[in-house]
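1. compute the structure for the input listed below.
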Amino acid sequence: MIDSKELHPTTREALHAAGWSPERRVATHRWHTLLTGDGYIWSDIIQKFLTNLGGLSILPARSQEAVFGSSTLETDPSLVIGEYERIREREKIIGEALCPIGEWGGESILLLAPSGRVYSETTYHVLLLGQTPTEALDVIVRAHRYPELVQGSVWWNK
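-> Numbers count the residues shown, from 1 in each chain. Reported below is the predicted structural model:
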């Protein structure tokens, strides 16, 4: 799912520190049952992402290049079960199916679309973190650029 060669060295280091490797594989049956039971569509990209990255706590890097204070990413979709109706409303705005893949900073739901785009969602906004999971992980870990505001408001875009 994630090509180590495509990762920025800082992001690669953070993923390795969290226990990730390109060969890492974890069982996803529990998440599949929870997500489909909640109404989400289980796709190939969800399967690949969670098989390789599921169950990790990824800490952001501390760097002078950071433009915002990032937080820990928990790649465990069971942390955000129960938000299906709210996410369905976000799907209408974005125009594609979304499935939770984890929680960012204890308040933001991380969502993966079949296109590979990764979004962050809270009550107040929807942010596009990256066109691919690799790009999104880079933004979360390095915080080197602001995510793109899709809907709502954020402090840096007023």
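2. any idea how far Phe68 is from the residue positioned nearest the centre of the chain?
-> By Cα atoms, centre = their mean, the chain has its centre lying nearest to Leu110, at 3.9 Å. Leu110 sits 16 Å away from Phe68, taking Cβ to Cβ, to the nearest Å as the criterion. From N, CA and C alone the C-beta is placed, and that goes for glycine too.
3. that older thread, which residue, other than its chain neighbours, is closest to the residue nearest to the centre of the chain?
-> Of all residues beyond its chain neighbours, the one nearest Leu110 is Gly102 (4.5 Å), with distances taken as Cβ to Cβ, 6 or more residues apart in numbering.
4. how about the one you found, what does it touch?
-> Residues touching Gly102, when contacts are defined by Cβ atoms under 8 Å, 6 or more residues apart in numbering, comprise 73-77, 79-80, 109-110.
5. what's the next secondary structure element after the helix or strand hosting it?
-> Assigned by DSSP states H and E, Gly102 belongs to strand 99-104. Next helix or strand after strand 99-104 toward the C-terminus (DSSP H and E): strand 108-112.
6. ok, residues contacting that following strand?
-> By Cβ under 8 Å, 6+ apart, the list of residues contacting strand 108-112 from outside reads 45-46, 49, 73, 75, 80, 83, 87, 90, 98-104, 118-122, 129, 133, 136.
7. in it, what counts as buried?
-> By neighbour count, and taking 16 or more other Cβ atoms under 10 Å as the criterion, the buried residues in strand 108-112 are 108-112.
8. check which helices and strands the one helix or strand Glu89 maps to sits against.
-> Secondary-structure assignment from DSSP H and E places Glu89 in helix 84-94. In terms of contacts (3 or more Cβ pairs under 8 Å, 6 or more residues apart in numbering; DSSP states H and E), helix 84-94 is packed against strand 108-112, strand 118-121, strand 125-130, strand 148-152.
9. make JSON lines out of those strands and add distance to Glu23.
-> Shown next, in JSON lines, are those (distance: least, Cβ to Cβ, whole Å):
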{"stretch": "strand 108-112", "distance to Glu23": "21"}
{"stretch": "strand 118-121", "distance to Glu23": "22"}
{"stretch": "strand 125-130", "distance to Glu23": "23"}
{"stretch": "strand 148-152", "distance to Glu23": "32"}
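10. for this structure, which spans come out with low pLDDT?
-> Along the chain, segments meeting pLDDT under 70 span 155-158.
11. and Arg24, helix, strand or coil?
-> When the structure is split into helix, strand and coil by DSSP: H, G, I helix; E, B strand; the rest coil, Arg24 lands in coil.
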